[in-house]
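*Asks:* Sequence and predicted model, in that order:
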Amino acid sequence: MKLLEINNLHTYFDTKKGLIKAVNGVSLSIEEGRTLGVVGESGSGKSQTAMSILKLFENNQKIYEGEIKFEGKVISELSEKEMQKIRGNDISVIFQEPMTSLNPVFTVNRQISEVLMLHQGLNKKEAEARSIEMLKQVKIANPETVNKSYPFQLSGGMRQRVMIAMALACKPKLLIADEPTTALDVTIQAQILKLMNELKAETGTAIMFITHDLGVINQMADDVAVMYCGQVVETAPVDNIFMDSEYIHPYTEGLLTSIPRLNTKRGEKLDVIPGSVPHPLALPQGCKFAPRCKYATEKCRNEEPELKEIGPNHQIRCFFPVKRGGNK
Ligand SMILES: Nc1ncnc2c1ncn2[C@@H]1O[C@H](COP(=O)(O)OP(=O)(O)OP(=O)(O)O)[C@@H](O)[C@H]1O
């Protein structure tokens, strides 16, 4: 069943220089208990899609069009008060840098306990016991000591485990993870990813995993949404993207060929996508990827393609999807 469904979402920033269409017609869904990997270059709108789900908006930002449904209910029109009941309870979030999300002046216990007291009505003692339990669940070796610690006393990997414990404290149905391991070194990153997969298997929590790293997507996701310029350009089960499907989006093809491989020789150039993401205030007419696409035609430069079904659960926003491993 669909846990989250986003239909034609437009979230803009109203700035002095004009409207920044950070999310510009996003449609995607997340099935119960599955991980959707959201991938795309910097500025493609991944984080702002996540912020829209939680309605964590700046003053000059709002939803202009479209809707977000959670468990079949439209949540994009809820008031701030109603959203507060959902955040941290049904849907929680972890960010890249836990230091900015954890309060430096409170102990770990106070921060996890607060969530539990607010949403689950536990008293102080019950919350403390549950906080220690949560730290055990995220495989922190000395949970009693860590529970009494302040964030600055912990390593980066440890802080991210605390964030995960806090996010899972109320048994959310959806966990949004926005580049949760980007700031960590590779061995710690691997441990956190492994932990998240184990927790998902244990708790059945669905995950929206945001990253710019297709390697991480391969490891974490069941399904993938590829984003470009505030739009989803391709969405499919993960194996379709990496192996199975006959056709893929030219942008996805570009991302796949830019993954460094172990056998890449030193000095050998990776096949990176030429050009850069267009400025959000100067989006091209037609397909947003056309200026960088080696297959683009006149039609692509003038008309905007829609997200269309190309196979089972596989949608592509392109007039001329690429045949894998060869010409079109
Ligand atoms: N506070 C803001 N005011 C105006 N524009 C913003 C603001 N925050 C983000 N944007 C714009 O919204 C667009 C989408 O940004 P978003 O952060 O969602 O991208 P992203 O794919 O998550 O990138 P990254 O991987 O760098 O986090 C970008 O063009 C960005 O410049």
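*Replies:* That came through fine. Not measured: the values here are computed from a predicted model.
*Asks:* Touching stretch 183-190 from outside, list them.
*Replies:* If you take C-beta atoms under 8 Å, 6 or more residues apart in numbering as the criterion, stretch 183-190 is touched by 96-97, 155-157, 160, 181, 192. (Glycine included, C-beta is placed from N, CA and C.)
*Asks:* need the residues of the stretch 151-300 of the chain near the ligand, please.
*Replies:* Selection of the stretch 151-300 of the chain residues close to the ligand by C-beta under 6 Å from any ligand atom yields 212, 280.
*Asks:* try 8 Å
*Replies:* Contact residues, the stretch 151-300 of the chain versus the ligand (C-beta under 8 Å from any ligand atom): 178-179, 210, 212, 227, 230, 277, 279-280.
*Asks:* Could you pull out the helices in the chain for me?
*Replies:* Secondary structure of the chain by DSSP state H: the helices cover 46-54, 80-86, 98-101, 108-120, 124-137, 143-147, 156-168, 186-203, 214-220, 238-239, 250-257, 298-302.
*Asks:* ok, and what's touching the fourth one?
*Replies:* Residues from elsewhere that reach helix 108-120 (C-beta under 8 Å, 6+ apart): 85, 88-89, 102-103, 122-124, 126-128, 130-132, 134-135, 146-151, 154, 162, 165-166, 169-170.
*Asks:* Quick check: mean pLDDT of it?
*Replies:* Taken as a whole, helix 108-120 has an average pLDDT of 91.
*Asks:* same deal with the fifth one?
*Replies:* Helix 124-137 shows a mean pLDDT of 94.
*Asks:* okay, the angle between that helix and helix 186-203?
*Replies:* Computed with axes from the mean of the first three to the mean of the last three C-alpha atoms, to 10 degrees, the direction of helix 124-137 lies at 120 degrees from that of helix 186-203.
*Asks:* Residues touching helix 124-137, excluding its own?
*Replies:* Counting contacts by C-beta under 8 Å, 6+ apart, the residues touching helix 124-137 from outside are 108-109, 112-114, 116-117, 122, 143-144, 146-147, 161-162, 165-166, 168-169, 199, 202.
*Asks:* Report the central residue of the chain.
*Replies:* Ile210 (2.5 Å; C-alpha atoms, centre = their mean).
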